[in-house]
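Undergrad: sequence? don't have it. structure:
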């Protein structure tokens, strides 16, 4: 990883201090916002649908029943802006999750497949620090965008747990393998973003490409979320059982116990949510394979993070 460090600006190689880690997180947060803005500029110039977002007849009817009158011009503008932010977030999330997945795979290879038990718990690399920092920063970025796209409460809860979990690995300076392994769930997000984007482009919504993207999402979801996360939990508990003196996040037993409890809280909530989303994805794919290409309800395909 020395070659990676040599390619980075000096402030992005300071992984030994909390201040240095905060700088890396801040860099990726600003970069995420920059990609969001760039997506808006490019999409407004090249994609007709980006400038033509309008509520469906069902949404208009729902609004009329709730408010008692049609949507006003400011409300239509706000709706369009919300959809544009959602599109830009989809684009940014596709790129960031792909980058995370690639970095996490390299870290998994180095720290687990070619690592020792001590490496599992004590070794932190420049690449693992950047991968986890990107994950934390991307979750913060998406949470900010959620504020203007009216996401449901479970999305906020999901991201809060991700931020706390990633932060525990970064600032305790141990156990990066486990965060990288669990972070492989991000591997399901590039095809998810592809499906979400295709659904919003009229000429690509439905049909063979859409169905194949959905199938790729299902396959990635099975390996990256449904199977990988429980295998990771099994592996680190095996380490704790066979090498209890090495398998610790801190020499302070109370800190290690608190981290252990945090991992279980995060796993139970996020894995349970992932299984629910997996059911929705499977149902949508089944409909598509039957030849029913009607777009699933909004939100059924969402992950993130």
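TA: Everything's here; your move. Not measured: the values here are computed from a predicted model. Numbering: from 1, shown residues only.
Undergrad: low-confidence ranges in the stretch 101-250 of the chain?
TA: 207 (pLDDT under 70).
Undergrad: which residues in this structure form helices?
TA: 2-7, 18-46, 57-67, 73-108, 117-122, 126-149, 153-172, 176-182, 189-200, 208-221, 228-242, 253-289 (DSSP state H).
Undergrad: what's the second one packed up against?
TA: Contacts defined by 3 or more C-beta pairs under 8 Å, 6 or more residues apart in numbering; DSSP states H and E place helix 18-46 against helix 73-108, helix 126-149, helix 153-172. The C-beta positions use only the backbone N, C-alpha and C, and glycine is treated the same way.
Undergrad: how about the helices of the chain in a markdown table, adding mean neighbour count?
TA: Formatted as a markdown table, the helices of the chain follow (neighbours: other C-beta atoms under 10 Å):
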| stretch | mean neighbour count |
| --- | --- |
| helix 2-7 | 10 |
| helix 18-46 | 16 |
| helix 57-67 | 11 |
| helix 73-108 | 19 |
| helix 117-122 | 17 |
| helix 126-149 | 22 |
| helix 153-172 | 18 |
| helix 176-182 | 25 |
| helix 189-200 | 22 |
| helix 208-221 | 18 |
| helix 228-242 | 15 |
| helix 253-289 | 15 |
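Undergrad: could you report the distance from residue 163 to residue 63?
TA: Applying C-beta to C-beta, to the nearest Å, the value for residue 163 to residue 63 is 33 Å.
Undergrad: dump the helices and strands packed on helix 18-46 to a markdown table, plus distance to residue 260.
TA: Shown next, in a markdown table, are the helices and strands packed on helix 18-46 (distance: least, C-beta to C-beta, whole Å):
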| stretch | distance to residue 260 |
| --- | --- |
| helix 73-108 | 21 |
| helix 126-149 | 18 |
| helix 153-172 | 11 |
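Undergrad: so for residue 189, which of the ones you listed sits nearest?
TA: helix 73-108 (3.6 Å; C-beta to C-beta).
Undergrad: on contacts alone, who are the packing partners of that closest one?
TA: Against helix 73-108 (3+ C-beta pairs under 8 Å, 6+ apart) you get helix 18-46, helix 126-149, helix 176-182, helix 189-200.
Undergrad: how far is the last one from where the chain is centred?
TA: Just to be clear, that refers to helix 189-200. Its chain's average C-alpha position is 13 Å from that of helix 189-200, according to C-alpha atoms, centre = their mean, to the nearest Å.
Undergrad: packing partners of that helix?
TA: Counting contacts by 3+ C-beta pairs under 8 Å, 6+ apart, helix 189-200 packs against helix 73-108, helix 208-221.
Undergrad: and the angle from the longest one to helix 208-221?
TA: By that I understand helix 73-108. For helix 73-108 against helix 208-221, the angle by axes from the mean of the first three to the mean of the last three C-alpha atoms, to 10 degrees is 50 degrees.
Undergrad: now residue 140: how far from residue 280?
TA: Using C-beta to C-beta, we find residue 140 at a distance of 26 Å from residue 280.
Undergrad: and for residue 215?
TA: From residue 215 to residue 280 the distance is 15 Å (C-beta to C-beta).
Undergrad: go on, residue 253?
TA: For residue 253 relative to residue 280 (C-beta to C-beta), the value is 41 Å.
Undergrad: pLDDT score for the closest residue in space to residue 133 that isn't next to it in sequence?
TA: Residue nearest to residue 133 in three dimensions, not counting chain neighbours: residue 24, with 4.4 Å by C-beta to C-beta, 6 or more residues apart in numbering. Note on residue 24: pLDDT of 95.
Undergrad: do I have it right that residue 24 meets residue 128?
TA: No - checked against C-beta atoms under 8 Å, the pair residue 24 and residue 128 is beyond contact range at 11.6 Å.
Undergrad: of the helices and strands packed on helix 18-46, give the one that comes closest to residue 224.
TA: Closest of the helices and strands packed on helix 18-46 to residue 224 is helix 73-108, at 7.9 Å (criterion: C-beta to C-beta).
Undergrad: quick one, what contacts residue 208?
TA: Listed by C-beta atoms under 8 Å, 6 or more residues apart in numbering, the contact set of residue 208 is empty.
Undergrad: ok, the residue nearest to residue 193 when sequence neighbours are not counted to residue 39 distance?
TA: Nearest residue to residue 193, sequence neighbours excluded (C-beta to C-beta, 6+ apart): residue 94, at 3.4 Å. Taking C-beta to C-beta as the measure, residue 94 falls 10 Å from residue 39.
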